[in-house]
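Visitor: Requesting a structural model of the entry that follows:
(one chain, ligands or ions: 1)
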Amino acid sequence: MRVIITDNCIGHWAAVYVAEKLIEAKPTKEKPFVLGLPTGSTPLPMYRKLIEFYKAGIISFENVITFNMDEYVGLEPTHEQSYHYFMYENFFNHIDIKRENINILDGMASDYRAECKRFEDKIKKVGGIDLFLGGIGPDGHIAFNEPGSSLSSRTRDKELTTDTILANSRFFGGDTEKVPKLALTVGVGTILDAKEVLIMVNGHHKARAMYHAVEGGVNHMWTVSALQLHPKGIIVSDEEACGELKVSTYRYFKDIEAPNLDIKKLEEDLYRR
Ligand SMILES: N[C@@H]1[C@@H](O)[C@H](O)[C@@H](COP(=O)(O)O)O[C@@H]1O
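Guide: Residues are numbered from 1 along each chain as shown. Presented below is the predicted three-dimensional model:
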């Protein structure tokens, strides 16, 4: 696992990484690049930077297919807190992606099981996900794989924990009653099947989850720890999220990734390619 500890530029770093991958892959209609995408406040700066790179003509999403990680059950796509709304508002409306290449679970589907199966089948049909991007909750959940989720789970419906409902109530005017109690989410197994996985971890409130992701054992109570089983897993964090790591662990990753931490230089290199 790579651990990139940035100086408050998680999203920027992730955007440069995605852009590099897109430039390298040179996607075509026949061989598109497949991205797994998250919502949440952490990835917002990444989306802003990707839009900037697109507008500067460095990257295009014309031959990119996307699959979103999760969606609340019972929110219309027009609801401001639905992940459909979030994705169009913050990303899709600003880039050249084809509408038919966007895949988001339908939280209004009458048959969840069929909807989740359709989603998994579609991922397989396009050849799997090349790069899955994600964030985590303070309880270490990836997508909506709450503590106790099977580490080989597939896309399905999931009851949200009180912790998550409380954490996400900030988007619903602080009213926990307004937060949906159920979500559709890709499974941990679905994420681990991707060729690469990049998880963004921010803030002091996620330091314990970061500890479990990097130093704790693989454990279904901290589903982000499943990343340890992936051959190409990357965690991109800020300094605050490292508060529970051993000094030696922190120093090790800072040291070996030192050449990859100068974000200004990384971005300049990108513009030069
Ligand atoms: N289902 C999403 C997760 O996929 C996301 O990682 C998490 C973190 O959100 P934030 O980045 O706002 O802390 O929020 C929700 O629970």
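Visitor: For this structure, what lies in contact range of the ligand?
Guide: When proximity is defined as C-beta under 6 Å from any ligand atom, the chain approaches the ligand at 38-42, 69-70, 135-137, 143-144, 164, 168. Placement of C-beta: from N, CA and C, glycine included.
Visitor: Going by neighbour count, which of those residues comes out on top?
Guide: Counting neighbours by other C-beta atoms under 10 Å, Ala143 leads the residues of the chain next to the ligand with 30 neighbours.
Visitor: can you pull the pLDDT of the nearest residue to that one once chain neighbours are set aside?
Guide: Of all residues not flanking Ala143 in the chain, Met69 sits nearest, at 3.9 Å (C-beta to C-beta, 6 or more residues apart in numbering). In this model, Met69 is scored at 98, pLDDT.
Visitor: again, but for Ala167
Guide: The model's pLDDT for Ala167 equals 89.
Visitor: before we move on, which element is it in?
Guide: helix 162-168 (DSSP states H and E).
Visitor: again, but for Gln81
Guide: Gln81 belongs to no helix or strand, assigned by DSSP H and E.
Visitor: And Phe132, by the same measure?
Guide: strand 131-135.
Visitor: Next secondary structure element downstream of that strand?
Guide: Counting by DSSP H and E, the next helix or strand C-terminal to strand 131-135 is strand 156-159.
Visitor: List the buried residues of that following strand.
Guide: Arg156, Asp157, Lys158 (16 or more other C-beta atoms under 10 Å).
Visitor: From the contact counts, what lies against it?
Guide: helix 112-125, strand 182-185 (3 or more C-beta pairs under 8 Å, 6 or more residues apart in numbering; DSSP states H and E).
Visitor: so which of those is the most packed in?
Guide: strand 182-185 (a mean of 24; mean count of other C-beta atoms under 10 Å).
Visitor: ok now the helix ranked longest in the chain, how far from the chain's centre?
Guide: Ranked by number of residues, the top helix in the chain under DSSP state H is helix 10-25. Taking C-alpha atoms, centre = their mean, to the nearest Å, the mean C-alpha location of helix 10-25 is offset from the chain mean by 13 Å.
Visitor: what are the C-alpha coordinates of the helix holding Ala167, in PDB please?
Guide: Taking C-alpha atoms only, helix 162-168 is exported to PDB below (Å, rounded to 0.1, in the frame of the first residue of the first chain):
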ATOM      1  CA  THR A 162     -26.200   5.800  13.800                       C
ATOM      2  CA  ASP A 163     -22.600   7.200  13.500                       C
ATOM      3  CA  THR A 164     -23.000   7.700   9.700                       C
ATOM      4  CA  ILE A 165     -26.500   9.100  10.000                       C
ATOM      5  CA  LEU A 166     -25.100  11.600  12.600                       C
ATOM      6  CA  ALA A 167     -22.000  12.400  10.500                       C
ATOM      7  CA  ASN A 168     -24.100  13.000   7.300                       C
END
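Visitor: Mind listing what's buried along that helix?
Guide: Buried-residue list, helix 162-168, by 16+ other C-beta under 10 Å: Thr164, Ile165, Ala167, Asn168.
Visitor: just to revisit the earlier point, which other helices and strands contact the longest helix of the chain?
Guide: Partner elements for helix 10-25 (3+ C-beta pairs under 8 Å, 6+ apart): strand 33-37, helix 44-55, strand 131-135, strand 196-201, strand 233-237, helix 263-272.
Visitor: Distance of the residue nearest to Ala143 relative to Ala207?
Guide: As for Met69, its distance to Ala207 is 22 Å (criterion: C-beta to C-beta, to the nearest Å).
Visitor: Leu266 reaches Ala19, doesn't it?
Guide: No - here Leu266 does not reach Ala19: they are 9.7 Å apart, not a contact under C-beta atoms under 8 Å.
Visitor: the more surrounded of these two?
Guide: Ala19 (23 against 19).
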